[in-house]
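Peer 1: Coordinates for the following, if possible.
(4 chains)
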There are 4 protein chains.
Amino acid sequence: MLTVLDQGYVRLVNHMGSDLTVVNAARVSYAKESKELSERDIKLIRFLAREGHTSPFRHVMLQFEIYAPLMVARQWWKYVIGSSHMEGTGDSLDAWNESSRRYITEEPAFYVPGAGQWRGKPENSKQGSGDALEWEIGQKHTDELMRYIEEGLRKYEAALADGVCAEQARLFLPSYGMYVRWYWTSSLQAVCHFLDQRLEHDAQREIQEYAKAILELSEPLFPHSIGELRRPNGEA
Amino acid sequence: MLTVLDQGYVRLVNHMGSDLTVVNAARVSYAKESKELSERDIKLIRFLAREGHTSPFRHVMLQFEIYAPLMVARQWWKYVIGSSHMEGTGDSLDAWNESSRRYITEEPAFYVPGAGQWRGKPENSKQGSGDALEWEIGQKHTDELMRYIEEGLRKYEAALADGVCAEQARLFLPSYGMYVRWYWTSSLQAVCHFLDQRLEHDAQREIQEYAKAILELSEPLFPHSIGELRRPNGEA
Amino acid sequence: MLTVLDQGYVRLVNHMGSDLTVVNAARVSYAKESKELSERDIKLIRFLAREGHTSPFRHVMLQFEIYAPLMVARQWWKYVIGSSHMEGTGDSLDAWNESSRRYITEEPAFYVPGAGQWRGKPENSKQGSGDALEWEIGQKHTDELMRYIEEGLRKYEAALADGVCAEQARLFLPSYGMYVRWYWTSSLQAVCHFLDQRLEHDAQREIQEYAKAILELSEPLFPHSIGELRRPNGEA
Amino acid sequence: MLTVLDQGYVRLVNHMGSDLTVVNAARVSYAKESKELSERDIKLIRFLAREGHTSPFRHVMLQFEIYAPLMVARQWWKYVIGSSHMEGTGDSLDAWNESSRRYITEEPAFYVPGAGQWRGKPENSKQGSGDALEWEIGQKHTDELMRYIEEGLRKYEAALADGVCAEQARLFLPSYGMYVRWYWTSSLQAVCHFLDQRLEHDAQREIQEYAKAILELSEPLFPHSIGELRRPNGEA
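Peer 2: As a prediction, the model looks like this:
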């Protein structure tokens, strides 16, 4: 399990297959199966990645448990779509509903950037963020945010105490920073697509941290496939 | 355009096809095309709906513009998945990012239940909500929520003024109730699936209101298909 | 309707939206709607296509009826997947099953290349085909194929006459060339993805002919979007 | 590996997870993880299956290698769609193209029903098949089919020898019965959906045989989940 941000984490729950799976899926019609990864197999992986023949990479699966602020979860959902394994948005998934606070489960937890972690506007871009702001300014907003969250929690509890249903009481929560927890089951191809987009410099810094953790947990399992899929086109 | 909640709406942007499209898609391999809906065509629609042969209903499309609180949008996303037309979560959709407040665009707007619109806990269920609470209790929480939102907005503006990037400043917003706007392009089958689940009594009341608006706008366009798809099994 | 191969065709059944739809979908969070396509709108389309922000192109739909040999249909199915609108493979679609000859419907029809349409092996590639073969060789195989199909049809009819079920009798049909008919409802993005891959020189020549017909029918409807989506990267 | 039909088979290549995975995915937001399957866990699986909360079942994966006639493969593809893991139809999958005979790889093999395996028309249905036909009639069509396949293969080889490209030469093959081989990587939910539809009495008998093999290989791995997902509604 790798810790991310102040309270978040990424945990590899399970995985299926290896670099060999990619090779064997690609050669299935030849009725040939490699038992050990050869130089020829590695070349095939390189060829498949370079030519965009990505289907064999969809026969390898990874499964993570993720605990992240809701604003990170929202950006993540598009990859859930890509992998077609809903982590459980919506009514057919109790699990997610609960962390969405339509139910009352565990205590809400919130992401609060530390004094040195508030970032300025990006220089030449509409998107993303720039360098860290001064410590004093950061400290001020850390304090403000903590106070604001505490006030929201008090009002949320007061509403529940007055009999307000949970699905409305949650309107008092500053939810962008609220931690939610979910399972992400995804093919290797979808994981690499996520990495390509979320390790980019203009991705939100918070999700970049999660992407680094995903990479660190995945690369040792599929070193050749991830290496080739993430190699910039045209690079030797 | 139908108004929903205090500031939201649903607007039918476009649609493609009619009840006839369903019939012609189902009979495509016969090279027969109906030009006008006959009794026999209506029977075919009934048969297809009853037997769960839903593919022909995926050749009819509807397109809506929706303006709803984020908590409603989150429940809606699973149908976006179902219809495979992302409204633009994630980086390949500027539009959504912007309303997610990684950019600064229009003024944030928030859903605030009126004094008579706060609901109690459900009687015999973990999910959903019950009857309206007393007016005085509701009034109190309406006032509290308005004050809390105003305070969040002040802090949000102060953070931006101090140079904090938008993607972090938004941590100050009580975002469950924040309005976001998106396009939903969906097949008739996916629309009916959405209606089946979101008109249910234990769906969140707020999304039920949106589902009613979707039904009101869709039914006149595809009266037979929607009538049959939404007919409970076994009903005559 | 455009004729393709000896008996096939592509027909535009319907479409939804225009270049304006792409622009309005991309700007939905600004609550701004263009009523007429401006220079600024065209620039936005170019920007979206160049940066790979493809979601707005998924709000425009096209619907075709296609009549093509089964071997072409099989290559087409992956785009059906891409667009998530099954034309009806499988049991939830009578229509397709019927043309798959589990039922007996219309007379089977087969694609037979003319004497000048048989192609040789490709020069430097494992995939695709090369130049036309000599007329005499072509004539010989055209005759052979016609005889072989006729013989298969006779055996197929004899099996049916002996009481063999249709789903087994079809084993006598040389089905790669057998014409099937289906509806393809697809977003503009999926159509362009199909065109990118199926207009390529190493795509099977027969499906290239269908791709040309799709392009000819689509381009006048969405000239800017198709122009930009199909512009090679880096081209001015 | 289980043998199916005259030359086909189903092989379990890999799987990920167990009944416990379903339980842990469903409870992810509670931060509780079962290490051993309890009575309470089994009740949760029953509840999830009964209420149609199917997402947790999508976090369990199965992977099969299948060798089956093309007509069976075509019916299978819709579940490939359901599981969003293309086995490789289309150009991004060499493997499939090769067994589609655009390339020349291994010798073509064909499904030929034995004398006692030809079925009659169904009694009261447009779809499916009925009882076995008499042995003599069956023997006749087995012989006819073998001769027809041999003739097609001779013509196919002759075309190749005359320099005809493989993608056209294959027009001589009676391909409905031609064996193809592919990987199917699918969630447990999609597998159960496949079983529900393909074990039905009106599914083609040949694919029913494959469905039985899939069930036999899967059930020991996920006994509770498969038991509950496949329990008819309302059954105690």
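Peer 1: Which helix or strand in chain A has the lowest average pLDDT?
Peer 2: helix A:94-99 (a mean of 37; mean pLDDT, DSSP states H and E).
Peer 1: quick check: angle from the next helix or strand after that one to helix B:135-161?
Peer 2: Moving toward the C-terminus from helix A:94-99, the next helix or strand (DSSP states H and E) is helix A:135-161. Counting by axes from the mean of the first three to the mean of the last three Cα atoms, to 10 degrees, helix A:135-161 points 170 degrees away from the direction of helix B:135-161.
Peer 1: Contacts (any at all) between chain B and helix A:135-161?
Peer 2: Yes - residues of helix A:135-161 contacting chain B under Cβ under 8 Å from any Cβ of the partner chain: A:137, A:140-141, A:144-145, A:148, A:151-152, A:155, A:158-159. In this view, the C-beta of every residue, glycine as well, is placed from N, C-alpha and C.
Peer 1: likewise stretch A:60-76?
Peer 2: Yes - counting by Cβ under 8 Å from any Cβ, chain B has neighbours in stretch A:60-76: A:70-71, A:74-75.
Peer 1: of those residues, closest to residue A:206?
Peer 2: Distance to residue A:206, by Cβ to Cβ, is smallest for residue A:71 among the residues of stretch A:60-76 next to chain B, at 7.2 Å.
Peer 1: measure the closest one to residue A:172 for me?
Peer 2: According to Cβ to Cβ, to the nearest Å, residue A:71 and residue A:172 sit 18 Å apart.
Peer 1: looking only at pLDDT, what's the mean for stretch A:70-78?
Peer 2: Mean per-residue pLDDT for stretch A:70-78: 84.
Peer 1: Revised request: answer the last question for stretch A:146-153.
Peer 2: 98.
Peer 1: tell me how far it is from the chain's mean position?
Peer 2: 26 Å (Cα atoms, centre = their mean, to the nearest Å).
Peer 1: Please report phi then psi for residue A:13.
Peer 2: Main-chain torsions, residue A:13, degrees, to the nearest 10: phi -90, psi -40.
Peer 1: ok, it - how many residues close by?
Peer 2: Using other Cβ atoms under 10 Å in any protein chain shown, residue A:13 has 20 other residues around it.
Peer 1: give the contact list for it.
Peer 2: With contacts defined as Cβ atoms under 8 Å, 6 or more residues apart in numbering or on different chains, residue A:13 is in contact with A:63-65, A:183, D:24.
Peer 1: Can you tell me which of the residues you listed end up in helices?
Peer 2: residue D:24 (DSSP state H).
Peer 1: Report the lowest-confidence entry in the contacts of residue A:13.
Peer 2: Ranked by pLDDT, these bottom out at residue A:183, which has 88.
Peer 1: now that residue, which residues is it bridged with?
Peer 2: Judged by DSSP bridges, the bridge partners of residue A:183 are residue A:65.
Peer 1: So what's the residue count around it?
Peer 2: Residue A:183: 30 neighbours (other Cβ under 10 Å).
Peer 1: Verify the stated contact: it with residue D:29.
Peer 2: No - between residue A:183 and residue D:29 there is no contact under Cβ atoms under 8 Å: 9.9 Å.
Peer 1: and residue A:148, how many neighbours?
Peer 2: The local packing of residue A:148 (other Cβ under 10 Å) involves 25 other residues.
Peer 1: Just to check, it is in contact with residue A:172?
Peer 2: No - assessed by Cβ under 8 Å, residue A:148 is found out of contact with residue A:172, at 10.9 Å.
Peer 1: State the pLDDT value of residue A:9.
Peer 2: Predicted confidence (pLDDT) for residue A:9: 97.
Peer 1: ok, the closest residue to residue A:163 other than its chain neighbours to chain C distance?
Peer 2: Distance criterion Cβ to Cβ, 6 or more residues apart in numbering or on different chains; nearest residue to residue A:163, sequence neighbours excluded, is residue B:120 at 4.9 Å. As for residue B:120, its distance to chain C is 34 Å (criterion: Cβ to the nearest Cβ, to the nearest Å).
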